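J.: Model the following, please.
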Amino acid sequence: MALTSPIIIFAACLSPAQALVDGFSTNAICTQNNCVNPIFPGLQDLQGMSNSSWTCPQEDVRQHLQFCAGAVSYSVAVKASQDTNASVRELVVKQEQMASESYFYHLAGMNLEGWDYKNPSEHDECIQSIWRMVCNTYLPKAPKYCKPGQAVKYQLPCQSVCTRYTRACSVECCDESPKCVLDNGKSFEAPYDDFRGYYKADAPSAECTGSGARRAAGFSGPAFLMLGLLGLLPSSSAQGLTEHLRPSSRTCLGAVLALAAMSLQGCDIGSTLGAWELKPSFLLKFSYTVPLPSEDGAASLSPKKVSVLNSCAVPGLPDSMKCSGNGICKNWTAGSDAISFCECGRDWMDPECRTRRKSQLTAFSLSILLGFVGADRFYLGELPTATLKMATLGGGGIWWAWDVVRIGAAPIYTKSQGRLAADLPHFLFVIIAVIWAMAMAYFVFGVLGFYLHENRVLEKALLQAERWHFDMAKQKSPHAKRGHGNPEDALGMPTLSSYRWMAPPPGPESYYGTMAAAAPEVKLAAYKNPLSSFFSYAKASEDPILTASGAFDRPTATPPPYPDDADGSNSF
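T.: Below you'll find the model as predicted:
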């Protein structure tokens, strides 16, 4: 029954949204990604467009589209205008400009720059999903058989348009708040409290706006993990499941439970507000405050102000007051009626050029000097990877070298800091990188190689000296013919066990080898010498026989010379 309770809890947490309809459950160990406010592109205008009047156009408006030309494959409804002289083209251009503005600002909220993604069809699925979503939001579908000038209802984007965005951009807020269709009992807070979710149908559908083929439904997320977990269990009985699990199944079970912890939402209510609603709105952050003209016409001295998006779209505003003075207004599309956005200078970012970029030169310098402790990633605000890089000392050098090239080759994007300022000349990067690579190569192959070579030479010399010593002790060397190989030379030395055989211990059984039977010269050499094997053994054993043998007594007579050295000289 040890595994029964976890499985019950596991199954109970699979769908907490149905049990807890008054709040969002949270997952504390989850990592948020692209969790911005507002969470969906164009969400801020859905309520207003739903309350507006729409009509079927007099002509096919797709011929007037530029930015949304590749994202719209249906008949478009136009917003009714009080200006009876406004042409269909003018109405469509205005709607497309709203789509372009929402696209540009939503990318900025995700720390991406719209100018780098001006042609969304050429980029990845995440950028394309944002592009299609804003176009489907601001250019709603017209009923198939509506008559020109007929009033129609605004058609919400299909839920598949929204889910394609959340999937492609890996939107994760660690709760259920980024849902495209809200559950019963849940709603967003103001100013999105009237929004109940996108239309509950997949595109293409006659009831909602969207294009693209339907995708087959499949198991994913917690349900898929639960099926995998059940597939690992060889027995359907809840009793004694752990005894029936194979060792490989236990390993897979642990992996599945770890993945489940990262994907499941918690069973505790975290907040009545979604995680993305608790974040500051990037629309307010990027808004521009326009001073209204006073009665005497002095706009700068007027206490009345209004916040708008895109200072480049404010008519009559002096160029010096646009883009915070750190950029210029540039047309987003071609044509005289194209919308303009701020193109910031090298060291500035965000739609109004008010945020200073992180320096590529500083990040590269930190990567070169302190990259092995993750200083470069700490500077870029990537705390999890910076901590891991510091703990592994730059991934053993590989991660260190990777970041040196990655940061220095081009001004990269970071999740929290946007793109770096391009203040590192490429030639300087090449020179410093080559010098750094040469220094690392010299250290690895020069210094470490030198010490490795020295250790090998020393080890080889010690082995040769040991072998020579044993050869001399056993009368196998050329000097042994002259009688200079003394058995006493091997006293206190290790046996030839390293040569896969053990030398037989000579001497009486009560002695350790020949230590007690050593010559007086050997005993005298061991006198008060704690490094001598004979001294250590005599002191540690406290053998009375060895103590009484006079192991440390100084000899009273000079030992005779070797037989071959009758004159007392030592030819050895």
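J.: Can you give me the buried ones in stretch 316-324?
T.: Residues of stretch 316-324 classed as buried: L317, K322, C323, S324 (neighbour count, 16 or more other Cβ atoms under 10 Å). Where you see a C-beta, it was placed from the backbone N, CA and C, and this is true even at glycine.
J.: For those, work out which two are farthest apart.
T.: Greatest spacing in these, by Cβ to Cβ: L317 and S324 (12.2 Å).
J.: now N27: how far from K415?
T.: The spacing between N27 and K415, counted by Cβ to Cβ, to the nearest Å, is 19 Å.
J.: quick one, which of those two is more surrounded?
T.: Neighbour count, other Cβ atoms under 10 Å: between N27 and K415, N27 has more, with 20 against 13.
J.: what's around the residue nearest to that one when sequence neighbours are not counted, how many residues?
T.: Distances taken as Cβ to Cβ, 6 or more residues apart in numbering place C174 nearest to N27, at 4.6 Å, with adjacent residues excluded. Number of residues near C174 (other Cβ under 10 Å) recorded here: 22.
J.: Look up phi and psi at C174.
T.: phi 70, psi 20 (degrees, to the nearest 10).
J.: In stretch 70-78, which residues are buried?
T.: By neighbour count on 16+ other Cβ under 10 Å, the buried set for stretch 70-78 is A71, V72, Y74, V76, A77, V78.
J.: For that stretch, which outside residues touch it?
T.: 54-57, 60-62, 65, 88, 91-92, 95, 121, 131-132, 135-136, 139-142, 144, 146, 152, 154-155, 204, 209, 211 (Cβ atoms under 8 Å, 6 or more residues apart in numbering).
J.: 7 Å instead, please
T.: For stretch 70-78, contacts defined as Cβ atoms under 7 Å, 6 or more residues apart in numbering pick out 54-57, 60-62, 65, 88, 91-92, 121, 131-132, 135, 139-142, 152, 211.
J.: and that stretch, what's its mean pLDDT?
T.: For stretch 70-78, mean pLDDT rounds to 89.
J.: likewise stretch 186-202?
T.: 86.
J.: list the buried ones in that stretch?
T.: By neighbour count on 16+ other Cβ under 10 Å, the buried set for stretch 186-202 is K186, F188, Y192, F195, G197, Y198, Y199, A201, D202.
J.: before we move on, what about stretch 381-401?
T.: Using 16+ other Cβ under 10 Å as the test for burial, stretch 381-401 gives E382, A386, K389, M390, G394, G395, W399, W400, A401.
J.: ok, now how distant is the fourth one from D376?
T.: By that I understand M390. Distance from M390 to D376, by Cβ to Cβ: 11 Å.
J.: Kindly report the same for I339.
T.: Counting by Cβ to Cβ, the gap from I339 to D376 is 38 Å.
J.: Among the two, which residue is more densely surrounded?
T.: Here I339 and D376 are compared on neighbour count by other Cβ under 10 Å; more neighbours surround D376, at 27 against 22.
J.: Give me the pLDDT for the more buried one.
T.: So, for D376, pLDDT stands at 93.
J.: Skipping its backbone neighbours, what lies nearest A386 in space?
T.: Nearest in space to A386, with sequence neighbours left out and distances taken as Cβ to Cβ, 6+ apart, is R377 at 3.5 Å.
J.: make that E125, sorry
T.: Spatially, and ignoring its direct neighbours in sequence, E125 is nearest to A168 (4.1 Å; Cβ to Cβ, 6+ apart).
J.: Please name the residues that touch that neighbour.
T.: A168 makes contacts with E125, C126, S129, as judged by Cβ under 7 Å, 6+ apart.
J.: neighbours around M98, how many?
T.: 19.
J.: Is it part of a helix or strand, or is it coil?
T.: Judged by DSSP: H, G, I helix; E, B strand; the rest coil, the three-state class of M98 is helix.
J.: Contacts only, for the residue nearest to it when sequence neighbours are not counted.
T.: For M98, ignoring the flanking residues on the chain, the nearest one in space by Cβ to Cβ, 6+ apart is Y138 at 4.8 Å. Applying Cβ under 7 Å, 6+ apart, we find Y138 in contact with G42, Q95, M98, A99, S102.
J.: 6 Å instead?
T.: Q95, M98, A99 (Cβ atoms under 6 Å, 6 or more residues apart in numbering).
J.: Next, the first one: phi, psi?
T.: Meaning Q95. With angles defined as degrees, to the nearest 10, Q95 sits at phi -70, psi -40.
J.: nearest residue to it other than its sequence neighbours?
T.: Leaving aside its sequence neighbours, Q95 sits nearest to Y138 (Cβ to Cβ, 6+ apart; 5.0 Å).
J.: With A71 as the reference, measure out to that neighbour.
T.: 11 Å.
J.: now do S187
T.: Computed with Cβ to Cβ, the distance linking S187 and A71 is 29 Å.
J.: Check C169 too.
T.: Look at C169 and A71: by Cβ to Cβ, they are 16 Å apart.
J.: Equivalent analysis for A363, please.
T.: From A363 to A71 the distance is 36 Å (Cβ to Cβ).
J.: just V444 next, same as before
T.: Distance, V444 to A71, by Cβ to Cβ: 52 Å.
J.: In this structure S359 contacts A422, no?
T.: No. Between S359 and A422 there is no contact under Cβ atoms under 6 Å: 9.7 Å.
J.: Domains in this structure, by residue range?
T.: Listed by automatic domain parsing, the domain ranges of the chain are 31-218, 286-293+301-356, 360-424, 478-548.
J.: tell me the mean pLDDT over the second one?
T.: With pLDDT averaged residue by residue, domain 286-293+301-356 scores 85.
J.: same question, stretch 94-102
T.: Confidence for stretch 94-102, expressed as mean pLDDT, is 93.
J.: follow-up on the earlier one: so for S359 and A422, which residue has more residues nearby?
T.: Neighbour count, other Cβ under 10 Å: between S359 and A422, S359 has more, with 18 against 15.
J.: So for the more buried one, what's the pLDDT?
T.: 94.
J.: go on, the one 3 residues further on?
T.: According to the predicted model, the pLDDT of T362 comes to 94.
J.: Is there a neighbour count for it? I'd like the number.
T.: T362 has 17 nearby residues by other Cβ under 10 Å.
J.: And for G408?
T.: For G408, the count of nearby residues is 24 (other Cβ under 10 Å).
J.: just the one 5 residues further on next, same as before
T.: By the criterion of other Cβ under 10 Å, Y413 has 13 neighbours.
J.: Appreciated, that's everything.
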